[in-house]
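Participant: Coordinates for the following, if possible.
(one chain, ligands or ions: 1)
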Amino acid sequence: MAKGLLALALALQALTPVPKFDSGRAWEHLRQLVAIGPRPSGSPAIEQTRKYIKEQLAANGLTAVEQAWDDQTPIDKVHMVNLVATIPGVRKERIVIAGHYDTKLYRQFRFVGASDGGSSAAFLLELAHVLKGRKNPLTIELLFLDGEEARLPEWGGTDNTYGSRHYVDVAKRDGSLASLKALLLIDMIGDRDLDIRRDTNSTPWLTNVIWETARRQNLDDYFIADSTRIEDDHLPFLAAGIPSVDIIDLDYEAWHTPKDNIDAVSARSLQVVGDVVLGALPHIEAHLSKTLILTGRRIVSRRPYKVLKANAIVPSRKRFRQPMFKTKHFRQSNVTPLTELGH
Ligand SMILES: [Zn+2]
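Facilitator: Numbers count the residues shown, from 1 in each chain. Have a look, this model is predicted:
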């Protein structure tokens with residue numbers, strides 16, 4: 001019965017026009033978040049940010065569930081809160097779409113994180129609006145992560161990704177990890193000069209689906225063919241065997257500077273990522289549904305992720321910046337067509 005329903009949901013979804021991502025609404029969220037000011041974990045401003053996120057979700061008929069805990073950082077104990085909004089699908093197996101909403105703590109300057117912390121939260125809020133009005137074959141969970149940023153100036157050790165590590169730990173303990181089938185992580189997508197590279201830590205089939213969708217939408221000037229390796233909130237999920245992709249533009253001149261403000265970001269960049277994520281979603285759902293239909297509710301793949309074992313020698317994205325080159329002038333077309341991805 002569940003198989004029939006799922007096939008029906010996929011068929012209906014193919015017939016129903018996909019609601020559009022509205023970067024105007026996303027931009028308004030981004031503006032509101034930046035207006036709150038610096039929003040580091042544990043601050044009154046991040047509490048105010050949570051209030052805004054909860055209100056906006058409620059306006060779309062969604063309830064934000066708080067996952068709160070106190071975490072010990074190298075400098076202090078910090079109260080942290082992940083926010084989880086669930087949009088039920090035909091099946092309870094879920095795709096998590098996540099992004100962080102904290103901004104990095106700086107005392108020497110005012111850091112409002114328009115792209116870094118603002119764009120991901122604004123993006124998720126607009127996705128809530130779009131996906132609430134969509135017939136979803138799998139459950140969609142929107143996950144607003146706290147504590148992505150390192151508390152110390154430099155990124156290192158376990159002083160980062162507090163929210164994602166906590167979320168995965170809890171999901172392992174309460175058994176909810178078994179129904180988590182994929183993670184799409186959104187981070188720093190506001191850059192006016194958007195160029196998103198493939199992350200070699202991410203799961204190849206998910207990465208291919210995203211980049212192939214961008215190519216079909218003629219957005220491959222933004223989702224470029226270059227690769228880089230990123231440490232971010234997807235690593236705890238990958239380590240737990242969850243297929244994950246990080247969609248991030250770290251080639252951002254304003255990164256971790258006072259210039260990461262509203263002038264450095266654009267609504268157009270949010271629109272590009274919105275179009276690609278929504279365009280890729282049916283392919284991701286089809287891929288996962290095929291696996292679910294073939295295997296019932298059994299968990300099929302819990303392979304440990306090879307790449308992660310090399311983490312000790314992987315330069316951190318926060319400690320190390322590769323020389324970055326703007327490559328929009330080049331058009332590369334070595335992207336695998338969807339037909340070769342097992343779809
Ligand atoms: Zn950051």
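
Participant: all contacts plus neighbour counts: C-alpha atoms, from now on.
Facilitator: Will do.

Participant: Next, count neighbours for Gln32.
Facilitator: For Gln32, the number of neighbouring residues by other C-alpha atoms under 10 Å comes to 15.

Participant: Let me fix that, I meant to ask about Ala45.
Facilitator: Every residue meeting other C-alpha under 10 Å relative to Ala45 is counted, giving 17.

Participant: ok, now the one 3 residues further on?
Facilitator: The burial count assigned to Gln48 is 14, neighbours taken as other C-alpha under 10 Å.

Participant: pLDDT at the closest residue to it other than its chain neighbours, what is it?
Facilitator: Using C-alpha to C-alpha, 6 or more residues apart in numbering and skipping residues adjacent in sequence, the residue nearest Gln48 is Ile36, 7.6 Å away. Note on Ile36: pLDDT of 98.

Participant: Thr73 now?
Facilitator: Thr73 carries a pLDDT score of 97 in this model.

Participant: Likewise for Leu15?
Facilitator: 59.

Participant: quick one: contacts of whichever strand or helix holds Val96?
Facilitator: Val96 is located in strand 91-100, with elements delineated by DSSP states H and E. The set of residues external to strand 91-100 that reach it, using C-alpha atoms under 8 Å, 6 or more residues apart in numbering, is 2, 6, 117, 120-121, 124, 137-148, 179-187.

Participant: can you tell me which of those residues are in strands?
Facilitator: Taking DSSP state E, the ones among these that sit in strands are 138-145, 180-187.

Participant: Identify, from the residues you listed, the entry nearest to Val84.
Facilitator: Among these, Leu143 lies closest to Val84 (C-alpha to C-alpha), at 4.8 Å.

Participant: hang on, the closest one packs against Tyr101?
Facilitator: No: under the contact definition of C-alpha atoms under 8 Å, Leu143 does not touch Tyr101, with a separation of 9.9 Å.

Participant: who has more neighbours, the two?
Facilitator: Set side by side, Leu143 and Tyr101 show unequal neighbour counts under other C-alpha under 10 Å, the larger going to Tyr101 at 33 against 26.

Participant: my guess is that one meets Ala121, correct?
Facilitator: Yes: in terms of C-alpha under 8 Å, Tyr101 counts as a neighbour of Ala121; the distance is 5.3 Å.

Participant: Overlap in contacts, these two.
Facilitator: By C-alpha under 8 Å, 6+ apart, the residues touching both Tyr101 and Ala121 are Phe144.

Participant: Please report the distance of Ala45 from Gly133.
Facilitator: Spatial separation of Ala45 from Gly133 under the definition C-alpha to C-alpha, to the nearest Å is 31 Å.

Participant: ok so, going back, now the buried members of the contacts of strand 91-100.
Facilitator: When the contacts of strand 91-100 are checked for burial by 16 or more other C-alpha atoms under 10 Å, the buried set is 6, 117, 120-121, 124, 137-148, 179-187.

Participant: Strands of this protein, residue ranges please.
Facilitator: Taking DSSP E as the criterion, the chain contains strands spanning 65-72, 77-87, 91-100, 138-145, 180-187, 196-199, 223-228, 244-248.

Participant: between the helix with the most length in the chain and strand 244-248, how many degrees?
Facilitator: For the chain, the longest helix by residue count, based on DSSP state H, is helix 267-295. Put simply, helix 267-295 runs at 170 degrees to strand 244-248, going by axes from the mean of the first three to the mean of the last three C-alpha atoms, to 10 degrees.

Participant: now helix 267-295: mean pLDDT?
Facilitator: pLDDT averaged over helix 267-295 gives 92.

Participant: Cheers, nothing more for now.
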